[in-house]
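>>> Here is the input, now give the coordinates:
(chains A and B)
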Amino acid sequence: MRETPSRASTTSTRTRVRPHALVPDRHSWIDIAFTLALTGVALSAFGTSFTGTAYLVVGMVGAVIAVVVTHLTRAAGWPVISAVVICLVLFFLLGGPLTLRSLGDAYALPGGTTLARVADQAIFGWKDLLTTLPPVDGDGPLLVLPWLSGMLAGMVGLALAHLPVRRAWLAAVLPVAGMTVVLCGVILLGVRHPQSLLVQGSVFAGLALAWLAIRARRASATVQGGSRSWTRAAGAVAMLGLAAALAHPASALFADDDAERTVARNWVEPPFDIGRYPSPLAGFRKYVDLKGKDDPANVYDKTLLDIEGVPADTRVRFATMDRYDGMVWGATDNALPGPADDSFQRVSSTIDNPVEGTEVDATVTLGEGWSGVWLPTVGALRSMRFETGDARAKAEIFRYNLATSTAVVPSGMQPGDRYSFTAVEPDDELGEDTVGSSDLAPLPQGAAFIQGPAEKWTEKAGADPMDRVLAAAEHLRSEGKYSDGIGRTERIYVAGHSVWRLSDEFVNAPQIVGNDEQYAATMALIANDIGVPARVVLGAVVPEGGRVTGKDVQAWVELRAADGSWKTLPTERFMSTTPPADQVPETNTPMSGTVIPPPNPIPPPSDAGEQSDADLKERKTKRKEADDEEEGLIPGVPGWVGVVLTYVGGPLLLVALLLGAVIGLKAWRRHRRRSADSPSARFVGAWRELVDHARDLGQVVPLGPTVTRREQSAGIVSRQATSLARRADSFVFGPGVPEVTAAATFWESVDAERRAMSQEVGRWQRARAAVSLRSFRRTSPARGASPSAEEAADPTSGPAPVAGRVASAATRLRRRADWRSRRTPD
Amino acid sequence: MTISHEQAEWFKSTFDQLTDNMEKAVLGKRHVVRLALTCLLSEGHVLLEDFPGTGKTMLARALANTVQGSHARIQFTPDLLPSDVTGVTVYDQHKGTFEFHPGPIFHTIVLADEINRASPKTQSALLEVMEEGRVTVDGVAHPVGKPFLVIATQNPIEQAGTYRLPEAQLDRFLMKTSVGYPDRQATVELLNNAAVRDRAALVTPVITAATIAQMSGLADEVYVDPAVVGYVAELAEESRRQPHVKLGLSARGCLAFVRVAKTWAAADGRDHVVPDDIKDLAEPVLSHRLLLDAEAQFSGVDVHTVISRLLDSVAPPTDRVGA
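Residues are numbered from 1 along each chain as shown, chains lettered A, B, ... in the order given. I've put the predicted structure just below:
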């Protein structure tokens, strides 16, 4: 339809809506290209989370599909929601063949199981990704996530680019902001170490700025008399290049290092609790020689494992215990200070382990003496492959702690299980020049008893912490005696390494007597007291032939060096092998004949391989209490309060912020209406405020561009609505120019009526109205459908084609835009 | 100069009195009565189209009776001649001159009953007097005086032997409306007073012709904001673009629209016109001015549908121009 000159001249800001061609025009191609390019850059951030490049291929396929669908639905004149629905359908239909091939779901037509798996991965896969030590298998089911991300990014980018926005700057910024959000989301799902600062930072910023500039120029008026196009283009490229070149080094100056990067993994707590498993050190006596005594739990002579691929004297690690709770040394998560990968996380078949050293390729077959959840390994794992039993199930639940190099299979390992692994054996020898770590390691609760002996034994060793540790070790080795508590005269040397056992019956006893359990536990406490972080390792030294039996099991101590590595303090350095004298040591204080001494404490069973459930429960409770008291999530606040504040207060705070934002937005809108430039616009704004208030209260108010104030007032449940509508009309359309004071008075009337309307409803409904988003929704289109002139000219008079309907809609929109341009912007 | 607030209030109270007076005869049809009065005060004419027995003639007679002035009824028939309406010049043998004998059109209120039964020639005799308020016979113009209102009625179903009013004639009518059947309450009241043969006789004059002229002058001074004027213009443009519309709103129709909206606003006690006035009056002002094409009937589209779409496709202003 042609515009008459008079119409064209009356409205300078006219929104012209045209039907969109099936083949993209130049602007659409630019938007599509930038959307796909930015999506590719954003998806590349998954590089640290997935092995291979399948994630990028799948993600880009999703992005291309989403872009095509979004464009086609726009060309057809369908709403954006139709693109969402179509993409959702394609996501499920193609999700199986593209992402679940490893599970055998490669059929072109997915079945119910496949659809359920895709949905399951799309919903719960995020948690699996965040709780799995990266990188995960690049061809595994978690590929659903890049598939979903790519589709989401493509749709968000192009849909926002096509969104009709009246403000030019907003139209330019919106799609770029959307893609930036996608990038941030992918980075959050990644790891602390970025895939590539250059790609994720400079390239993305360059592309985003270029797109922003193109869209801003497209949305603004053409500059007359400016530079030539090639000059501007060259200038823009130069500026972008300069910005990108400066951004990269500048980021190194201002940005924190990788350890300070914030990713979702920082907050996601793996649901695995290593603390619920008993300490293997507490059951050390099942590895000792019973000297003829029969005990089915004892494995002294039994084969624990056969290991191939490692030389003799290699240390096989069963478990690393890095926390003492007053009862036992146990394995725990996050014992190390600061951000570190110090937790038992699910890992895939390959592990990105940064440790350097000698590569090991070993195979282990568990023997008859082995049971439990701990998995014997050597060095720092690089890959793991289970070969027997339900290998896939074991691989699924297999967990590994990078910081302690300890592996766990929660379902337990059985004799006969076989697995292979590659690992790196670091240089862990404690040298003369090894400097202890300066990280502060607080002395565990209840271990204060060690301070006196440690001070006494190391007083001649000087000030160097490592020298003091070695002096204490030497004192233990030279002054101590070895006993497994077997035999009639040695039964008093009970098992366990609780505070009582290590204090009264070990370091403060007339004679230091114990075995690996007590020596290693004590040695680690002394080192921690001196200031060198230490932990206890239960493992075995591989004998000739590779068959490890109970007699090869040892408990040694690892000390943390200044470079962050852990050095082994062998058992021989701090444990004596000399048996004690046959004479029973006197542990009771001589008393007078009239005083009956208290009975000796009842020791725990010396031959118990595992601790009783009661012991474990008590220990766990004490540990939990200690955790709450010592390491509350908020310093200075009791643990449980901190937990509540952290896990409940956080979401509540977020909700409160959102609700506050809504209230603030409404206040801003009200202020904007109240302080409009012209007084008549203030009257209009006041009426709209009343209408919005009624909508927030849940009232059904007629809306739309063709509805007048009087018609709206009929739908508002209010005593004064009709009168106020009439007053607003009289000021707006009346003969005199409305005054500011009259507008202020009218606003007061509207405010009073709003309060009266609020008083009519209950408190809960008032609160809901205050945070309701209903009034922010766009008003519904005009009632009925008005066929366009183009449709009238169609002699067929049948159902209007799509293009005709789009033209009709465009005509209506144009006419509304004419009248909206005469209104006060809202 | 615009009408003052006090004048608007007086206008409203007088208008309400007229309405109440006419309602003695026309039960339960306040809106139609107000429309007819609006026509009278806007110096326009009204066309009533409805089924037989709905009270068209009663309304016309009640309106005629409520104004203190003369009124006449012309029953249009196929053999009615133009001179039967306008009057005729005859030769006076005593004086030896031609004298004009005015026809029934020379009254304050003229009821043209079943106007579409007269021949086009006779219908056309009304063109001049309805537009210009005068009759020209033998080259001599004879003004009919003010106020002057033609209330024409026609029956939409009995089309045999009738002559459809030409568009030019229809455009002379300020409004076209229908009375419609009374509701239950009005019907019951009507039946309870069945003994009253002529309800129009219950209506006595309550206003003089001079007052009518005064009110008409006040209505002309009602303020119309440019935004509202633009709204009317937009409706006119859109009416010509509407599907199935062969003839849209004319410039005379736009003028009528604004004129009648002014009176309508004054009758509401306002000194200004609001967009709601335009929407309220769209149906009676536009319904006889929009000419639909032949396909409209086959598509099930009538003029009411077109007007509804028209109002839905043009947004009324919410703020004054330039605010």
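>>> Tell me who's in contact with whichever residue of the stretch 401-550 of chain A sits closest to chain B.
Going by C-beta to the nearest C-beta, chain B is nearest to A:Leu402 of the stretch 401-550 of chain A, at 65.3 Å. Just so you know, the C-beta spots here come from the backbone N, C-alpha and C atoms, and that holds for glycine as well. Contact analysis of A:Leu402 by C-beta atoms under 8 Å, 6 or more residues apart in numbering or on different chains lists A:133, A:341-342, A:345, A:351, A:353, A:380.
>>> Next, count neighbours for B:Thr89.
Using other C-beta atoms under 10 Å in any protein chain shown, the number of residues around B:Thr89 comes to 14.
>>> which SS class is it?
strand (DSSP: H, G, I helix; E, B strand; the rest coil).
>>> pretty sure it is touching B:Pro102, no?
No. Look at B:Thr89 against B:Pro102 with C-beta atoms under 8 Å: they stay out of range, at 10.4 Å.
>>> Which of the three states applies to the nearest residue to A:Phe34 once chain neighbours are set aside?
If the residues on either side of it in the chain are set aside, A:Phe34 comes closest to A:Trp211, at 4.2 Å by C-beta to C-beta, 6 or more residues apart in numbering or on different chains. Following three-state DSSP, the label given to A:Trp211 is helix.
>>> in stretch A:553-563, what counts as buried?
Buried residues in stretch A:553-563, counted by 16 or more other C-beta atoms under 10 Å in any protein chain shown: A:553-561.
>>> What of stretch A:460-478?
Residues A:461, A:465-473, A:475-477 are the ones in stretch A:460-478 that count as buried (16+ other C-beta under 10 Å).
>>> which residues are in contact with that stretch?
Under C-beta under 8 Å, 6+ apart, the answer for stretch A:460-478 is A:434-436, A:454, A:457-458, A:512, A:519, A:522-523, A:526-527, A:530-532, A:534, A:559, A:569, A:572-576.
>>> that older thread, I'd like the contacts of A:Leu402 as CSV, with secondary structure, neighbour count and distance to A:Ala725 appended.
Formatted as CSV, these follow (DSSP: H, G, I helix; E, B strand; the rest coil; neighbours: other C-beta atoms under 10 Å in any protein chain shown; distance: C-beta to C-beta, whole Å):
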residue, secondary structure, neighbour count, distance to A:Ala725
A:Leu133, strand, 23, 65
A:Asp341, coil, 19, 66
A:Asp342, coil, 18, 67
A:Gln345, strand, 21, 64
A:Ile351, coil, 21, 71
A:Asn353, coil, 20, 73
A:Ala380, strand, 20, 77
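>>> what sits against the residue lying closest to B:Asn193 once chain neighbours are set aside?
Closest residue to B:Asn193 apart from its sequence neighbours, by C-beta to C-beta, 6+ apart: B:Arg199 at 7.7 Å. By C-beta under 8 Å, 6+ apart, the residues touching B:Arg199 are B:24-26, B:58, B:62, B:193.
>>> Which one of the residues you listed sits in the busiest neighbourhood?
Neighbour-wise, the contacts of B:Arg199 (other C-beta under 10 Å) top out at B:Val26, 26 neighbours.
>>> Please identify which helix or strand holds it.
Counting by DSSP states H and E, there is no helix or strand that carries B:Val26.
>>> Kindly report the same for A:Leu559.
Using DSSP H and E, A:Leu559 sits in strand A:553-560.
>>> now do B:Ala219
helix B:209-220.
>>> Assign B:Ile151 to helix, strand or coil.
Here B:Ile151 is recorded as strand under three-state DSSP.
>>> Can you tell me how far it is from chain A?
30 Å (C-beta to the nearest C-beta, to the nearest Å).
>>> what sits opposite that residue in the beta ladder?
On the basis of DSSP bridges, B:Ile151 is bridged to B:Val46, B:Leu111.
>>> Spit out the contact partners of it.
By C-beta under 8 Å, 6+ apart, the residues touching B:Ile151 are B:36, B:45-46, B:48, B:59-60, B:63-64, B:109-112.
>>> State the three-state secondary structure for the residue of the stretch 101-250 of chain A found nearest chain B.
Nearest residue of the stretch 101-250 of chain A to chain B, counting by C-beta to the nearest C-beta: A:Arg166, 16.0 Å away. Look at A:Arg166: counting by three-state DSSP, its state is coil.
>>> Just the pLDDT at it, thanks.
A:Arg166 is assigned a pLDDT of 73 by the prediction.
>>> okay, now it: neighbour count?
11.
>>> cool, and the one 3 residues further on?
Residues near A:Trp169, counting by other C-beta under 10 Å, number 13.
>>> And the residue of chain B that's closest to chain A?
Closest point on chain B to chain A, by C-beta to the nearest C-beta, is B:Pro243, at 3.3 Å.
>>> any low-confidence regions in the stretch 601-750 of chain A?
In the predicted model, the stretch 601-750 of chain A carries pLDDT under 70 at residues A:601-650.
>>> quick one, helices of it?
With helices called from DSSP state H, counting those that start in this stretch, the stretch 601-750 of chain A shows them at A:613-630, A:639-644, A:650-674, A:679-696, A:709-715, A:721-733, A:740-759.
>>> and the fifth one, what other elements does it pack with?
Counting contacts by 3 or more C-beta pairs under 8 Å, 6 or more residues apart in numbering or on different chains; DSSP states H and E, the secondary-structure elements packed against helix A:709-715 are helix A:679-696, helix A:721-733.
>>> Is there any residue in the last one that contacts chain B?
The one in question is helix A:721-733. Yes. Helix A:721-733 is in contact with chain B by C-beta under 8 Å from any C-beta of the partner chain, via A:729-730, A:732-733.
>>> cool, and the longest one?
Yes. Under the criterion of C-beta under 8 Å from any C-beta, chain B is reached by helix A:679-696 at A:680-681, A:684.
>>> Who are the packing partners of that helix?
Secondary elements touching helix A:679-696 (3+ C-beta pairs under 8 Å, 6+ apart): helix A:650-674, helix A:709-715, helix A:721-733, helix A:740-759, helix A:763-771.
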